[in-house]
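Sequence and predicted structure are below.
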Amino acid sequence: MNQTRRPVERVVTSGTFSLDGGTWDVDNNVWIVGDENEVVVIDAAHDTDAIARVIGDRRVAAIICTHAHDDHVNQAPALSDRFGGAPILLNPAEAPLWRMTHPRRGPDRELIGGETLTVGGIDLRALATPGHSPGSMCLYAPELEIVFTGDTLFHGGPGATGRSYSSFDEIISSIRDTLLPLPGETLVHTGHGPATTIGGEAPHLGEWLARGR
């Protein structure tokens, strides 16, 4: 018999992130969202076995990539293969970054801002938040009062924009116009590090602007 599961589970995996000729050690938050029967995986990073252990015998409805930096997608194909060809979802603007890691296999379906995915009775609204990368996406679960922000918004500010395919102006616009209007109590589950809330980050927009310029 399947055990009762929390609607959101986190797996922290460790590996590297490489871009623009540099490589850095990173710990990633992998998010598993659903119920005791089916889940989606948000950002399959570094360790397929660790992710699979938490999934257990549940059906994987989709593997959702918030963006295509290698540390967020490096295990997506392997996890798909392990769970019956679960579809990999990615915004098409991420194609150049995706091909750096997986040149011979593409995602299975486009992830477009405005669409809603439902898993285990939980709605996940896809929010287009370009800036950290051209097709960065966040996923908002209104019933859970949670937004999964990938590398767009962290505890303490926006994600990095000093590398290829990134834009400081775009990430600020995405945060200001798409994320900060969410209810202040919304919990922000990030791609790395600790959680925060929309209300906790909103007062600092002016500081980020001054720092970024």
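Received it, and whenever you're ready, just let me know what you need. Residues are numbered from 1 along each chain as shown.

who's in contact with Glu94?
Neighbouring residues of Glu94 by C-beta atoms under 8 Å, 6 or more residues apart in numbering: Cys65, His67, Ala68, Ser133, Pro134, Gly135, Ser136. Quick note: C-beta positions are derived from backbone N, CA and C, even for glycine.

where's the fifth one relative to Val39, distance?
Which is Pro134. Taking C-beta to C-beta, to the nearest Å as the criterion, Pro134 is separated from Val39 by 27 Å.

any idea which of the contacts of Glu94 is closest to Met100?
Checking the contacts of Glu94 against Met100 by C-beta to C-beta gives Ala68 as the nearest, at 8.0 Å.

thought the closest one was touching Ser136?
No - taking C-beta atoms under 8 Å as the definition, Ala68 is not a contact partner of Ser136, at 9.1 Å.

And the two? Which one has more around it.
Neighbours of Ala68 and Ser136, each counted by other C-beta atoms under 10 Å, are more numerous for Ser136; the result is 31 against 26.

Thr116 versus the more buried one, what's the distance?
Counting by C-beta to C-beta, the gap from Ser136 to Thr116 is 18 Å.

residue ranges with poor pLDDT in this structure?
For the chain, applying pLDDT under 70 flags the ranges 1-3, 213.

Quick one: the strands in it, in order.
In the chain, the strands defined using DSSP state E lie at 8-19, 22-34, 38-42, 59-64, 88-90, 109-110, 116-119, 122-128, 137-141, 146-150, 153-154, 157-158, 187-190, 196-197.

Using CSV, write out every CA atom in the third one.
Included here for strand 38-42 are C-alpha records, laid out as CSV according to Å, rounded to 0.1, in the frame of the first residue of the first chain:
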residue,chain,number,x,y,z
GLU,A,38,1.7,10.6,-9.2
VAL,A,39,4.2,13.4,-9.1
VAL,A,40,6.1,15.9,-11.2
VAL,A,41,9.8,16.4,-10.7
ILE,A,42,11.0,20.0,-10.9
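
tell me which strands and helices it is in contact with?
Contact analysis of strand 38-42 by 3 or more C-beta pairs under 8 Å, 6 or more residues apart in numbering; DSSP states H and E lists strand 22-34, helix 48-55, strand 59-64, strand 116-119 as its packing neighbours.
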